[in-house]
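**Q** Predicted model and sequence below, questions to follow.
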Amino acid sequence: MSDIQSKIQEHLSSRASLIGKELAGRRDYQYLSIASSAEKEAERIVREIRQHEAETVWNSVHEGIPHVFPGMGFLTAKNIIKTTRLYQILKKMPKGALLHAHMDGTVDSGILLRLALEQPAMHVCVPRRLDYMSLSGLRPSFKALPPALCAQATDAPTITSALYIPYAWVPIQKAREEFPRELGGPAGFDSWVLGAQRISAQEAYETHNTPAKIWHKFGSTFVVADGLLGYEPVLESYIRELLRTSIEDGISYIEVRVKFFDKTMVRANGEDDLTHREWLVIFDRVVQEVKADMKAQGRGDEFVGAKIIYSTLRFLSISEIEWYLEDCIELKKEFPHLIVGFDLVAREDSGHPLIYFLEPLLRFRERQKELGLDIPFIFHAGETLGDGDSTDHNLFDAILLGTKRIGHGYSLIKHPMLIQKCKELRIPIEICPISNEILRLTQAMPNHPLPALLNHGVTVALCSDDPSVFGNTGLTYDFFQVLLSSEVTGLITLATLARDSLAHSELEPEEKKIALEKWERRWALFVEEVTKETLPT
Ligand SMILES: O=c1[nH]cnc2c1ncn2[C@@H]1O[C@H](CO)[C@@H](O)[C@H]1O
C-alpha cells in the first residue's frame, strides 16, 4: 500500500470510530444495537421511503407553495404531509405517552364548536356589532347561561344586527343561523369562530411573524375556547374526544396540563358554581368509562389512562399563587391517583420567572412533606430565544427546585452544565417541535435544537402542546416533522422517544410496567406491518 493509501485508511478508520463514539452517547444507541432483524428491516424501509419522498414530494412544485423542503413550516406543509406514505405509516405507530399538552388546546376546534352548538344554553357576545369591516378584528366570547338569562336573550338582536347592544348575549344557534349571507351565512359564522381559535399560516408566517406577535394571537385563542369549554356538558364530551382522538393516533397515556384559573365553571343547569373538585370527578369518570370501553372492545393495550398536571398562570401575584398551591394540595388529598404534578403556564417571556415564586414554591414542598404527599414540579422552562435572560434562567430554577421533567427547554442547548445535569438526574425534556415552530422560536424543523439534544444523549419526549390551535392533532405530525429533519433519526429513534415518554411519566411503578409491556406488544405488531410495506421504485 502506498503511503497515501495507508493514510486514507487510517483517516477512514478514525473517522468511523469517532462517529461511532458520538452516536454511542445517544439514547437510541442501546436499542439500535439490540434491534431484531424485523426492526432493522422496518428501519431500512422507513429510511428508503423518507429518501424517496425527499427527492419527490419535497422536491417538486406544489401549487401556491413557493418553497418546499423536508421539515418546512407545518402550517404550509400540512396538506402535503397528509399525502405522504411516511405519514400513513407513522399514523399507525404506537406513540407512548403524551406528556405535554394544555387541556383547553387539545381537541380540534371544529369538534368543540359542534359540541357547543348542541347546547341551547350556550351564548355568544362581541364588543360591538359584527360586520364586514370588523369580522377579522373581533373575536367572540362564549358563555353558557342559566335558564332565566337564556329566556331574556332569546329575543335579543343578533350580533350582526344594526340594533345589537355591545356585549349582549345571543344564543349561539341563533347567531349562527342569522349570520348574514354577505358574511358567508352559517358557514361564515363557523369560519369566524374557528379562525379565532386557530393560528393560520398567514398569521404565523406573515402578519404575526415574531414570538411576541404570534403569542398575542395565541393567547386570545384560549379565551375563545375557554368560554365554550367552561360548561359541564361540553367539558365532559371534550375530555372524551381528547381521549378518543389520542387513542386513534396511537397515544396510550396522557398527562394533561389543566389550567385552574376560574374558581368555578358553569354546571349543566346553567349555574356558575361547579368547583375544581367536581371538575376532577368528571375527568375521573370519563377516563374510567373510556378505559372500560376500550377493554370491552378488546383494545385494552391501546389505553392505560390519563392524569393531570395542576397548572395555573405565571402572571398571577404571589398571594394568588398561594391560593392555587393550597387548592392543588387539597385536590391531591382527595384524588391522589389523578393529580401528578404542578406547573405554571402562559408565556414565559411575559409572566413572572420561577425565582419570583421561590418562597411559595419552597413552602409548597415543605407542606407536602408535613402531609406525606408528593406533587412533583413539572415546569415549563426555557421556552425562549433568550440567552441569559430571566426566562432562560428558569431552567436553573426548575432544575434546582427538582423538576421531574422540563416543558420545552428550548434554550437548554445553550447550557452545557445543565445538559449534563439533565442527563445525571434523568430529567427528560418535553419537546414540542411544531409548537416551537409556529410560535416562531424556529423558522423550520431543520433549525430546531432537538437533534443537538439527542446527540448530547438527553432524554426527550415529543409532545403536541396545543393541537387545537396548531392543527397537529395527536402526535403523528410531530413525529413526522422530527423524522424528516435529521439523518440520524430513524424509526428506532422515534421508538426510543415513545418508550421514554412512558418510562418518564408519573404513572405508578406497577402501572408503568404494564403500560410499557402493552407498548412493546403493539410496537412488535407495528414493526411487522412496516416490514410488509413495498419499497419505492
Ligand atoms: O407553549 C406554551 N407555553 C406556556 N404556556 C402555554 C403554552 N401553550 C399553552 N400555554 C398556556 O396554557 C394555557 C391554556 O391551558 C394558556 O394560558 C396558554 O397561554
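**A** Here it is on my side, so go on. Numbers count the residues shown, from 1 in each chain.

**Q** per-domain residue ranges of this structure.
**A** Annotated domains of the chain cover 89-109+221-526, 110-220 [automatic domain parsing].

**Q** which of the residues in stretch 79-91 are buried?
**A** Residues 80, 81, 84, 85, 86, 87, 89, 90, 91 are the ones in stretch 79-91 that count as buried (16 or more other CB atoms under 10 Å). All C-beta spots, glycine's among them, are computed from the backbone N, C-alpha and C.

**Q** Contact residues of the stretch 251-400 of the chain facing the ligand?
**A** Taking CB under 6 Å from any ligand atom as the contact definition, the stretch 251-400 of the chain meets the ligand at 259, 345, 346, 347, 380, 383.

**Q** Skipping its backbone neighbours, what lies nearest the second one in space?
**A** To tie it back to what came earlier, the one meant is residue 345. Leaving aside its sequence neighbours, residue 345 sits nearest to residue 311 (CB to CB, 6 or more residues apart in numbering; 4.7 Å).

**Q** And for the first one?
**A** Spatially, and ignoring its direct neighbours in sequence, residue 259 is nearest to residue 311 (5.1 Å; CB to CB, 6+ apart).

**Q** before we move on, the earlier item: can you give me phi and psi for the residue nearest to residue 345?
**A** Backbone torsions of residue 311, given as degrees, to the nearest 10, read phi -130, psi 140.

**Q** Just list whatever residues bridge to it.
**A** residue 259, residue 343 (DSSP bridges).

**Q** Going forward, count from 12.
**A** Done: numbering now begins at 12, and the last item shifts to residue 322.

**Q** pLDDT value on it, please?
**A** Note for residue 322: predicted pLDDT of 98.

**Q** just checking, it touches residue 353?
**A** Yes - between residue 322 and residue 353 there is a contact under CB atoms under 8 Å: 7.4 Å.

**Q** What segments of this protein are strands?
**A** Along the chain, counting by DSSP state E, strands occupy 107-109, 133-136, 152-155, 181-182, 262-270, 316-324, 350-356, 390-392, 417-419, 440-442, 471-473.

**Q** want to throw those into JSON lines with mean neighbour count?
**A** Shown next, in JSON lines, are the strands of the chain (neighbours: other CB atoms under 10 Å):
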{"stretch": "strand 107-109", "mean neighbour count": "30"}
{"stretch": "strand 133-136", "mean neighbour count": "24"}
{"stretch": "strand 152-155", "mean neighbour count": "23"}
{"stretch": "strand 181-182", "mean neighbour count": "23"}
{"stretch": "strand 262-270", "mean neighbour count": "23"}
{"stretch": "strand 316-324", "mean neighbour count": "23"}
{"stretch": "strand 350-356", "mean neighbour count": "23"}
{"stretch": "strand 390-392", "mean neighbour count": "30"}
{"stretch": "strand 417-419", "mean neighbour count": "28"}
{"stretch": "strand 440-442", "mean neighbour count": "27"}
{"stretch": "strand 471-473", "mean neighbour count": "25"}
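
**Q** Of all those, which one is nearest residue 302?
**A** strand 316-324 (6.2 Å; CB to CB).

**Q** just the CA coordinates of that closest one, formatted as CSV?
**A** Only the C-alpha atoms of strand 316-324 are listed here, as CSV (Å, rounded to 0.1, in the frame of the first residue of the first chain):
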residue,chain,number,x,y,z
GLY,A,316,-55.4,6.2,31.3
ALA,A,317,-54.9,9.9,31.8
LYS,A,318,-53.8,12.1,34.7
ILE,A,319,-53.5,15.8,35.4
ILE,A,320,-50.7,18.3,36.0
TYR,A,321,-52.3,21.0,38.0
SER,A,322,-51.4,24.3,36.3
THR,A,323,-52.1,27.9,37.0
LEU,A,324,-50.9,31.2,35.4
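
**Q** quick check: angle from that strand to strand 262-270?
**A** 20 degrees (axes from the mean of the first three to the mean of the last three CA atoms, to 10 degrees).

**Q** contacts for strand 316-324?
**A** Strand 316-324 has contacts (CB atoms under 8 Å, 6 or more residues apart in numbering) with 113, 253-254, 264-272, 291, 294, 298, 302, 332, 335, 338-339, 342-343, 348-357, 362, 386, 389, 517-518, 522.

**Q** which stretches of the stretch 262-411 of the chain have low pLDDT?
**A** The model of the stretch 262-411 of the chain has no residue with pLDDT under 70.

**Q** before we move on, what about the chain?
**A** Looking at the chain by pLDDT under 70, you get 12.

**Q** ok, what's across the strand from the most centrally placed residue in it?
**A** Nearest residue to the geometric centre of the chain (CA atoms, centre = their mean): residue 476, 1.9 Å. Counting by DSSP bridges, residue 476 is bridged to residue 112.

**Q** dump the residue contacts of it.
**A** With CB under 8 Å, 6+ apart, residue 476 has these contacts: 111, 112, 113, 116, 443, 445, 446.

**Q** ok, now residue 219?
**A** 210, 225, 227, 228.

**Q** and those residues, which are buried?
**A** 210, 225, 228.

**Q** The first one touches residue 232, doesn't it?
**A** Yep, that's residue 210 we're talking about. Yes - counting by CB under 8 Å, residue 210 touches residue 232, with 7.2 Å between them.

**Q** still on that earlier bit, quick one, which of the domains of the chain is packed in tightest?
**A** Each of the domains of the chain was scored by mean neighbour count; the highest is domain 100-120+232-537, a mean of 20, by mean count of other CB atoms under 10 Å.

**Q** How far off centre is it?
**A** Computed by CA atoms, centre = their mean, to the nearest Å, the chain-centroid distance of domain 100-120+232-537 equals 7 Å.

**Q** how far does it stretch from start to finish?
**A** Start-to-end span of domain 100-120+232-537 (CA to CA, to the nearest Å) is 9 Å.

**Q** go on, stretch 197-216?
**A** For stretch 197-216, the first-to-last residue distance is 28 Å (CA to CA).

**Q** That stretch and the ligand in contact?
**A** No - Stretch 197-216 lies out of reach of the ligand by CB under 6 Å from any ligand atom, never closer than 11.5 Å.

**Q** Give the single residue among the contacts of residue 219 positioned nearest to residue 149.
**A** Taking those together and measuring to residue 149 by CB to CB, the closest member is residue 228, at 13.7 Å.

**Q** I'd like the strands of the chain laid out as TSV, including distance to residue 27.
**A** Below are these laid out as TSV (distance: least, CB to CB, whole Å):
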stretch	distance to residue 27
strand 107-109	32
strand 133-136	64
strand 152-155	61
strand 181-182	70
strand 262-270	38
strand 316-324	44
strand 350-356	43
strand 390-392	38
strand 417-419	34
strand 440-442	30
strand 471-473	26
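
**Q** Keep the contacts of residue 476, but drop any that are not near the ligand.
**A** Of the contacts of residue 476, the ones that also sit near the ligand (CB under 6 Å from any ligand atom) are 113, 116, 446.

**Q** before we move on, the earlier item: common neighbours of residue 210 and residue 232, please.
**A** Taking CB under 8 Å, 6+ apart as the contact rule, residue 210 and residue 232 both touch residue 480.

**Q** can you list contacts of stretch 28-44?
**A** Stretch 28-44 is contacted by residues 465-471, 499, 503-504, 506-507, 510-511 when judged by CB under 8 Å, 6+ apart.

**Q** Out of those, which comes closest to the ligand?
**A** When the contacts of stretch 28-44 are compared for distance to the ligand (CB to the nearest ligand atom), residue 471 wins out at 16.1 Å.

**Q** do you know how far the closest one is from residue 392?
**A** Counting by CB to CB, to the nearest Å, the separation of residue 471 from residue 392 is 15 Å.

**Q** which strands and helices sit next to the longest helix seen in the chain?
**A** The longest helix of the chain (DSSP state H) is helix 520-542. Under the contact criterion of 3 or more CB pairs under 8 Å, 6 or more residues apart in numbering; DSSP states H and E, helix 520-542 touches helix 48-66, strand 262-270, helix 502-514.

**Q** for those, which one sits closest to residue 145?
**A** That would be strand 262-270 among the helices and strands packed on helix 520-542, by CB to CB, at 28.9 Å.

**Q** got a list of what the residue of the stretch 12-161 of the chain found nearest the ligand touches?
**A** Ranking the residues of the stretch 12-161 of the chain by distance to the ligand (CB to the nearest ligand atom) places residue 113 first, at 3.6 Å. By CB under 8 Å, 6+ apart, the contact list for residue 113 reads 267, 268, 270, 322, 356, 476, 477.

**Q** Thanks again, I'm all set now.
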